[in-house]
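[1] Fold the following and give me the result.
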Amino acid sequence: MRSTATRTRLAAAAATAGMVVLAGCSSSGSSDNASASSCEPAKGKVTLQYWNTVPGMDKVVALWNKKHPDIQVETKNISNDQYGTLGNALKADKAPDLAQVGYDELPNLRTQSAFVDASACKAAGAAKSKFVPWTWSQTSFGDTGVFAIPQDTGPMALYVRGDLFKKYDVAVPTTWDEYATAAEKLHKADPNLDITFFDPNNAEWFNGLLWQNDAKMYGYSGDKWQVSVDSAQSKQVTDYWQKLISEKVVRTDLAHGSTQMYAAYQKDQLATYVGAAWGYSMFRDNLPKQAGKWTIVPMPTWGANGSSGDWGGSTVAFMKGSKHLYESVEFNTWLNTDPDALAMENKLGGLYPAATAGLDLPALKQGVPYYGNQKIFDVFADASKKIDTSFAWGPTQKTVNLALQDAMAKAAAGGGTLTDALATAQAAALKSMKDQAIPATAGK
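    Model (predicted):
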């Protein structure tokens with residue numbers, strides 16, 4: 001899921017981000033970029049394979065199958081090991097026709113020739129106008145190809161246990177400085193209560209924090225990638241969280257989405273959650289007894305500009321080897337633009353649609369009972385307008401994320417600091433690009 005309703009984007013900035021990704025992938029072979037020779041519909045009944053990680057997606061697919069007897073879709077949930085399963089299938093030439101792929105994973109998989117260009121199908125290119133510009137830019141890599149269709153986005157906000165803040169007379173924070181102060185007050189009032197948890201094994205979440213602080217990890221100029229994972233803006237973020245960890249006012253022993261995490265929230269041991277739009281269903285579905293106790297407010301900010309971050313968001317990619325491009329395009333565009341499909345995906349899987357039609361979904365305009373009938377999606381819609389459009393992922397992002405997670409885990413256990421982890425990730429980025437003959441240098 002993590003998978004990012006609509007953001008107000010500057011088209012030029014979005015295009016720039018896309019071109020950066022394209023340039024970084026140009027060192028790979030051209031086989032992944034080639035369009036299918038034709039986009040002719042099959043002459044008989046077709047069955048497509050679609051792999052994803054979204055809860056309830058089988059019900060969405062069932063709706064399609066009911067209406068399209070000649071294009072049937074079989075869905076497989078690969079949430080236990082999304083990219084491992086997909087990678088093994090690609091190596092064995094047994095990839096599905098379509099697969100859910102996060103925006104940050106697209107450049108990495110493209111260097112592995114994982115996709116087919118669907119631009120031979122007019123319907124694929126015509127879908128561009130139906131999506132938030134920056135999401136389309138990332139799926140097309142800034143050129144005329146169509147390698148995936150955007151599915152959802154992940155603007156970030158702060159989930160708050162309002163009753164706990166009220167109980168201990170602590171103001172809900174609007175800045176990160178206020179958040180640190182609130183963390184101290186809550187923990188002092190109840191030693192068993194922490195303001196949140198820091199999961200060192202979740203680089204995607206951490207990247208969202210960097211994104212908010214204008215900590216661009218990559219740029220492109222002079223025919224080279226400029227790698228700045230350890231920039232001053234990034235260090236401001238790591239120094240901040242390192243201080244909270246050192247002061248023992250945030251927990252580091254919980255994995256996101258784990259049984260232990262939910263248990264901590266259930267026992268009133270955590271007062272907030274820094275998360276994305278798609279996370280709203282997590283609390284609703286796993287902590288039903290806390291209905292009415294949660295509210296969602298804007299993410300604490302670093303400065304007066306009120307920037308927000310993005311965590312996740314996914315696409316549905318056209319995978320190499322598919323023999324049914326026409327049918328894949330038909331299903332993929334329906335899945336990610338049809339109002340009925342979008343409504344089901346939001347209700348069942350918590351997806352926050354990348355399609356502009358998502359703004360018109362009744363469910364995104366109404367109050368959500370679990371959150372005291374608060375119109376929580378108004379918060380996410382506003383956050384989505386405050387996300388830096390020029391942020392781009394690197395072509396070896398997966399390798400960098402793994403290095404970052406390993407180093408952050410060591411730091412959380414007392415082996416160095418989070419800022420040291422940035423240096424480790426910076427070195428991993430440069431080395432991984434060098435190993436793949438991708439021109440890169442250290443940026444500012």
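
[2] Count the residues that sit near the closest residue to residue 70 other than its chain neighbours.
    With sequence-adjacent residues excluded and distances taken as C-beta to C-beta, 6 or more residues apart in numbering, residue 70 is closest to residue 45, at 5.1 Å. Backbone N, C-alpha and C define where each C-beta goes, glycine included. Applying other C-beta atoms under 10 Å, we find 10 residues neighbouring residue 45.

[3] same deal with the one 3 residues further on?
    Residues within reach of residue 48, counting by other C-beta under 10 Å, total 22.

[4] can I assume it is in contact with residue 72?
    Yes: using C-beta atoms under 8 Å, residue 48 is in contact with residue 72, at 7.2 Å.

[5] Run through the neighbouring helices and strands of the helix or strand containing residue 226.
    Counting by DSSP states H and E, the element that carries residue 226 is strand 224-227. Strand 224-227 makes packing contacts with strand 218-221, helix 418-435, strand 440-442 when contacts are defined by 3 or more C-beta pairs under 8 Å, 6 or more residues apart in numbering; DSSP states H and E.

[6] Can you tell me the strand partners of it and which way each runs?
    strand 218-221 (antiparallel), strand 440-442 (parallel) (DSSP bridges).

[7] got the contact list for residue 382?
    Contacts for residue 382 were tallied using C-beta atoms under 8 Å, 6 or more residues apart in numbering; they are residue 298.

[8] whoops, I mixed them up, residue 289
    Counting by C-beta under 8 Å, 6+ apart, residue 289 has contacts residue 266.

[9] From residue 204, how far off is it?
    29 Å (C-beta to C-beta, to the nearest Å).

[10] Same question for residue 225.
    For residue 225, the distance to residue 204 - C-beta to C-beta - is 20 Å.

[11] more neighbours, these two?
    More crowded of residue 225 and residue 204, by other C-beta under 10 Å: residue 225, with 26 against 21.

[12] so who does the nearest residue in space to the more buried one that is not next to it in sequence touch?
    In this structure, residue 225 finds its nearest non-sequential neighbour in residue 440, 4.0 Å apart by C-beta to C-beta, 6+ apart. Shown in contact with residue 440 (C-beta under 8 Å, 6+ apart): 224, 225, 226, 227, 429, 430, 433, 434.

[13] now the helices for the stretch 251-400 of the chain?
    Along the stretch 251-400 of the chain, counting by DSSP state H, counting those that start in this stretch, helices occupy 259-266, 280-286, 325-337, 339-349, 376-384, 397-412.

[14] in the fifth one, what's buried?
    By neighbour count, with 16 or more other C-beta atoms under 10 Å as the criterion, the buried positions of helix 376-384 are 376, 377, 379, 380, 381, 383, 384.

[15] what mean pLDDT would you report for it?
    Across helix 376-384, pLDDT averages out at 91.

[16] burial measure for residue 296, as a count.
    So residue 296, with other C-beta under 10 Å, has 25 neighbours.

[17] list the contacts for the closest residue in space to it that isn't next to it in sequence?
    Nearest non-adjacent residue to residue 296, counting by C-beta to C-beta, 6+ apart: residue 376, 4.6 Å away. By C-beta under 8 Å, 6+ apart, the residues touching residue 376 are 280, 296, 368.

[18] Any chance of those residues in CSV with pLDDT and distance to residue 215 as columns?
    Putting those into CSV (pLDDT from 0 to 100; distance: C-beta to C-beta, whole Å) gives the following:
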residue, pLDDT, distance to residue 215
280, 92, 26
296, 98, 24
368, 94, 31
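
[19] do you know which of the helices and strands packed on strand 224-227 lies nearest residue 249?
    helix 418-435 (15.0 Å; C-beta to C-beta).

[20] Name the residues of that closest one that come out as buried.
    Under 16+ other C-beta under 10 Å, the buried positions of helix 418-435 are 418-422, 424-430, 432-433.

[21] Likewise for stretch 228-245?
    228-231, 233-238, 240-242, 244-245.

[22] Tell me the secondary structure at residue 136.
    Of the three states, residue 136 takes helix under DSSP: H, G, I helix; E, B strand; the rest coil.

[23] Looks like it contacts residue 150 (just checking).
    Yes: the criterion here is C-beta under 8 Å, and residue 136 meets it with residue 150 at 6.2 Å.

[24] what about those two, which has more around it?
    residue 150 (29 against 24).

[25] so what's that one up against?
    So residue 150 contacts 131, 132, 135, 136, 138, 139, 313, 315, 336, 354, 355 (C-beta under 8 Å, 6+ apart).

[26] which outside residues touch stretch 176-196?
    164-165, 168, 170-173, 240, 243-244, 247-251, 268-274, 300-302.

[27] can you rerun that using 7 Å?
    168, 170-171, 173, 240, 244, 249-251, 268-274, 300, 302 (C-beta atoms under 7 Å, 6 or more residues apart in numbering).

[28] Mark which of those residues are buried, thanks.
    The buried subset of the contacts of stretch 176-196 (16+ other C-beta under 10 Å) comprises 168, 170, 173, 240, 244, 249-251, 268, 270-274, 300, 302.

[29] of the residues you listed, closest to residue 77?
    Once C-beta to C-beta is applied, the member of those that ends up nearest residue 77 is residue 273, at 24.1 Å.

[30] Please name the residues that touch the nearest residue to that closest one once chain neighbours are set aside.
    Leaving aside its chain neighbours, residue 273 sits nearest to residue 159 (3.9 Å; criterion: C-beta to C-beta, 6+ apart). Residues in contact with residue 159 (C-beta under 7 Å, 6+ apart) are 272, 273, 275, 283, 294, 296.

[31] is it fair to say residue 159 lies in a strand?
    Yes: under three-state DSSP, residue 159 sits within a strand.

[32] Quick check: beta-bridge partners of it?
    Beta-bridge pairing for residue 159 (DSSP bridges): residue 273, residue 296.

[33] before we move on, the earlier item: relative to residue 126, which of the buried residues of helix 418-435 is nearest.
    residue 433 (35.0 Å).

[34] Not counting its neighbours along the chain, what's nearest that closest one?
    residue 440 (4.0 Å).

[35] Okay, that neighbour and residue 118: tell me how far apart.
    Taking C-beta to C-beta, one finds residue 440 at 30 Å from residue 118.

[36] Could you do residue 100 as well?
    16 Å.

[37] Check residue 441 too.
    Residue 441 sits 34 Å away from residue 118, going by C-beta to C-beta.

[38] Return the closest of the contacts of residue 159 with respect to residue 362.
    Taking C-beta to C-beta as the measure, residue 362 lies nearest residue 296 of the contacts of residue 159, at 18.7 Å.
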